[in-house]
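> mind folding the following:
(chains A and B)
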Amino acid sequence: MARILITSAIPYINGIKHLGNLVGSQLPADLYARYCRARGDEVMFICATDEHGTPAELAAKKAGKPVAEFCAEMHEVQAGIGARFGLSFDHFGRSSSAQNRALTQHFAGRLADEGLIEEVSESQVYSHADGRFLPDRYIEGTCPNCGYDKARGDQCENCTKQLDPTDLIEPRSAISGSTDLEVRDTKHLYLKQSQLKDKLSAWIDSKTDWPVLTTSIAKKWLHDGDGLQDRGITRDLDWGVPVKRGTEDWPGMEGKVFYVWFDAPIEYIAATHEWADKTGGDWERWWRTDKGADDVKYVQFMGKDNVPFHTLSFPATIMGSNEPWKLVDYIKSFNYLNYDGGQFSTSQGRGIFQDQALDILPADYWRWWLLSHAPENSDAEFTWEAFQTDANKDLADVLGNFVSRVTKFCRSKFSEALPEGGVYGEAETKLIGDLTTKIRAYEAHMADMEVRKSATELRGIWVAGNEYLQAEAPWTTFKTDPEKAAMQIRLALNLIRVYAVLSAPFIPEASAKMLSGMNTLDTSWPDDVDAALQALPAGHEFTVPEVLFAKITDEQSAEWAERFAGTRD
RNA sequence: GGCGUUAUAGCUCAGUUGGUUAGAGCGAACGACUCAUAAUCGUUAGGUCGGUGGUUCAAGUCCACCUAACGCCA
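Numbering: from 1, shown residues only, chains lettered A, B, ... in the order given. Below is the predicted model:
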């Protein structure tokens, strides 16, 4: 039994995420977690909300709530949506937790002790009206290059010229619109990542089995231009982890907080600590190689935009601490999911948001479609037409109808119990061999986190059942040899249980319905297919389940395409 | 401007370290079946693998250049 630590990139707190966020990290992470558990591994599956930083403060302000209250509420909302999608986190934490505060401060202290922290003085724009320093992108003004009057302090999106906030003509706060700005000197802590460059580089080079997407992004940041740059890890904000050196105050850093990208990945560890505090479990057993974590396999899931932080910044924090923390063993990264020819956009309200998706269809439809089209090798495209066609074909026609035809046939010709009699012939032997091959292939793809290939293989396993029925035609056999038909349908009913077990990582709700219909709690994995197809004996009673997957109609598809074309809010 | 990723049948994608007639699903056409959510199963049609040149006995698969899309960075 292996021990697998799984983390999904932690979603930002400022609003409800769209489906692109789901398929890029949480959903495939859940697929893997469920699969590992089903195979008997000991799994710790961690996620959390990423709560610090300016966008959270602004979103809270917009909602008219104190930021802590806003975050607490949004955390519950996101946790609720995750639960409805069937995300099986062992713990869904919060980066604003006391555990993360302590751990973040601890890491900063360790890094300072190791000589990897540097104090840098820099100039930043302070807004009197807002009572705060403004991040570059929250300063607006007229572009000195093209005259565009809504250029941001980091870049003019009209002419794409990179800017410094002081370049702007008539700069103003993007938050309040105030022009009462002042350039002030302020001191910040920098993590000297450049000193760890060789170590990080060697580490990345040793990961020859990682996806190209992951390593190519990491290498680009390591070697591009002047190489890996030192990184500011503090900000002049109120909302965040207060800057401390371990448990000690940090002279000169009063009133400052750690940058959100410094504390967010540390929350993976802290969330496990939160889990331990809640359950009485042992979190260090998962994270400290000197305290039992040396046999843990740690896998991270994330979208490609998060790769630099997980391949470089966070490992730099871990390595730099010079303490025996668990480093990631495998990073599975994803490209983007596009929506009807463009990008999903949180800010523009374009695409489908997670709560909306659940309002129109059960989670399994989304889980199946998104996972079977996971953007593993390149950006993928969501269209309503494809979604409707694929979901109907795969879920309703191939799997759902299989369950339906088998159970209803048995009910009408025999009873709502597995019929007895008959012995296997050539066709059954062949089916068992075929299924064994396919299931072994499925296992291999799942173990490799090849999401699309796993889905394809699983679908093939479903199809094999229909092929068998079509070829053996128990409805015909029944007329001349009822015993043989009984054997065939007994096998097919057992196949439903096997399908439920195999499919559970993808479609847990439907899987539960299938098991419930088959009136069994036996979720044992079909290591031995022959034996698995005899798990339910003759005489075992079942009920015909309700329709597993209703089809998506043309009207629904058209209406939803219309409804989600525009913007939200 | 630099770098990266991608470019394979109408659509969505597979194609291991270069090696016999380039694969799957969907869609299409035709056929079989009638237990089932008008579901299922089978057969067939469809690609000079973005373009040009090169390496090689042999290239979708390596190299160069070009084009296009997307992304990152200046």
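> in the host helix or strand of A:Ala102, what's buried?
A:Ala102 is located in helix A:98-113, with elements delineated by DSSP states H and E. For helix A:98-113, the buried set under the neighbour-count rule, 16 or more other C-beta atoms under 10 Å, comprises A:99-112. Bear in mind the C-beta positions are built from the backbone N, C-alpha and C, glycine included.
> show me where the stretch 451-569 of chain A has its strands.
For the stretch 451-569 of chain A, no strands are identified by DSSP state E, counting those that start in this stretch.
> show me the shaky parts of it.
A:565-569 (pLDDT under 70).
> quick check: residues of it near RNA strand B?
The stretch 451-569 of chain A comes close to RNA strand B at residues A:452-453, A:456, A:463, A:466-467, A:469-471, A:473, A:475-476, A:547-551, as judged by C-beta under 7 Å from any atom of the strand.
> surely A:Arg440 is in a helix?
Yes. In this structure, A:Arg440 lies within a helix as judged by DSSP: H, G, I helix; E, B strand; the rest coil.
> what number of residues lie near it?
13 (other C-beta atoms under 10 Å).
> and A:Val67, how far from RNA strand B?
Distance, A:Val67 to RNA strand B, using C-beta to the nearest atom of the strand, to the nearest Å: 26 Å.
> contact partners for the residue lying closest to A:Thr543 once chain neighbours are set aside?
Closest residue to A:Thr543 apart from its sequence neighbours, by C-beta to C-beta, 6 or more residues apart in numbering: A:Gly517 at 5.6 Å. Counting by C-beta atoms under 8 Å, 6 or more residues apart in numbering, A:Gly517 touches A:Val403, A:Thr407, A:Ile496, A:Phe542, A:Thr543, A:Val544, A:Pro545.
> which SSE is immediately downstream of the helix holding A:Ala102?
Following helix A:98-113 in sequence, per DSSP H and E, is strand A:117-127.
> just checking the distance from the next helix-or-strand element following that next one to the centre of its chain.
Where DSSP H and E defines the elements, the next helix or strand beyond strand A:117-127 is strand A:132-133. Relative to the centre of its chain, strand A:132-133 is centred 33 Å away, using C-alpha atoms, centre = their mean, to the nearest Å.
> buried set for whatever helix or strand comes next after strand A:132-133?
Per DSSP H and E, the first helix or strand lying C-terminal to strand A:132-133 is strand A:139-142. Buried residues in strand A:139-142, counted by 16+ other C-beta under 10 Å: A:Ile139, A:Glu140, A:Gly141, A:Thr142.
> same question, stretch A:324-333
A:Trp325, A:Lys326, A:Val328, A:Tyr330, A:Ile331, A:Lys332, A:Ser333.
> ends of it, how far apart?
Start-to-end span of stretch A:324-333 (C-alpha to C-alpha, to the nearest Å) is 25 Å.
> what bits of the stretch 1-150 of chain A have low per-residue confidence?
A:145-146.
> the helices in the stretch 351-500 of chain A, which residues?
A:354-360, A:363-372, A:384-391, A:401-413, A:426-447, A:451-472, A:474-480, A:482-503 (DSSP state H, counting those that start in this stretch).
> pLDDT (mean, whole number) over the first one?
Same thing as helix A:354-360. Helix A:354-360 shows a mean pLDDT of 92.
> same question for the fifth one.
What helix A:426-447 shows for mean pLDDT is 93.
> mind saving the C-alpha coords of that helix as CSV?
These are the backbone C-alpha positions of helix A:426-447, laid out as CSV (Å, rounded to 0.1, in the frame of the first residue of the first chain):
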residue,chain,number,x,y,z
GLU,A,426,-16.4,-19.3,-25.6
ALA,A,427,-18.0,-15.9,-25.8
GLU,A,428,-17.7,-15.4,-22.0
THR,A,429,-14.1,-16.5,-21.9
LYS,A,430,-13.3,-14.1,-24.7
LEU,A,431,-15.1,-11.3,-22.9
ILE,A,432,-13.2,-11.9,-19.7
GLY,A,433,-9.9,-11.9,-21.6
ASP,A,434,-10.9,-8.7,-23.4
LEU,A,435,-12.0,-7.0,-20.3
THR,A,436,-8.9,-8.0,-18.4
THR,A,437,-6.7,-6.4,-21.1
LYS,A,438,-8.7,-3.2,-21.1
ILE,A,439,-8.9,-2.9,-17.3
ARG,A,440,-5.1,-3.4,-17.0
ALA,A,441,-4.6,-0.7,-19.6
TYR,A,442,-7.0,1.6,-17.7
GLU,A,443,-5.1,1.0,-14.5
ALA,A,444,-1.8,1.9,-16.3
HIS,A,445,-3.2,5.1,-17.6
MET,A,446,-4.8,6.1,-14.3
ALA,A,447,-1.5,5.4,-12.5
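> quick one: it to chain centroid distance?
With C-alpha atoms, centre = their mean, you get 29 Å for helix A:426-447.
> ok, and what's touching that helix?
A:31-32, A:35, A:39, A:453-454, A:457-458, A:460-461, A:464, A:468, A:471-472, A:487-488, A:491, A:498, A:502, A:505, A:526, A:529-530, A:533.
> nearest to RNA strand B within chain A, name that residue for me.
Closest to RNA strand B within chain A is A:Gly400: 1.8 Å, counting by C-beta to the nearest atom of the strand.
> could you export the helices of the stretch 351-500 of chain A as TSV, including distance to A:Val212?
Listed next are those as TSV, based on distance: least, C-beta to C-beta, whole Å:
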stretch	distance to A:Val212
helix A:354-360	29
helix A:363-372	21
helix A:384-391	26
helix A:401-413	37
helix A:426-447	18
helix A:451-472	16
helix A:474-480	48
helix A:482-503	29
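> compare those and give me the one nearest A:Asn338.
Nearest to A:Asn338, of all these, is helix A:384-391, at 11.9 Å by C-beta to C-beta.
> is that closest one anywhere near RNA strand B?
Yes. Part of helix A:384-391 sits near RNA strand B under the criterion C-beta under 7 Å from any atom of the strand, namely A:Ala386, A:Thr389, A:Asp390.
> show me what counts as buried in stretch A:478-493.
Applying 16+ other C-beta under 10 Å to stretch A:478-493 flags A:Phe478, A:Pro482, A:Lys484, A:Ala485, A:Ala486, A:Met487, A:Gln488, A:Ile489, A:Arg490, A:Leu491, A:Ala492, A:Leu493 as buried.
> helices and strands around the helix or strand that contains A:Trp261, which ones?
Following DSSP H and E, one finds A:Trp261 within helix A:260-279. In terms of contacts (3 or more C-beta pairs under 8 Å, 6 or more residues apart in numbering; DSSP states H and E), helix A:260-279 is packed against strand A:42-49, strand A:91-94, helix A:98-113, helix A:284-287, helix A:314-321.
> looking at the buried residues of helix A:98-113, which two lie furthest apart in space?
Top of the distance list for the buried residues of helix A:98-113 (C-beta to C-beta): A:Gln99 and A:Ala112, 20.6 Å.
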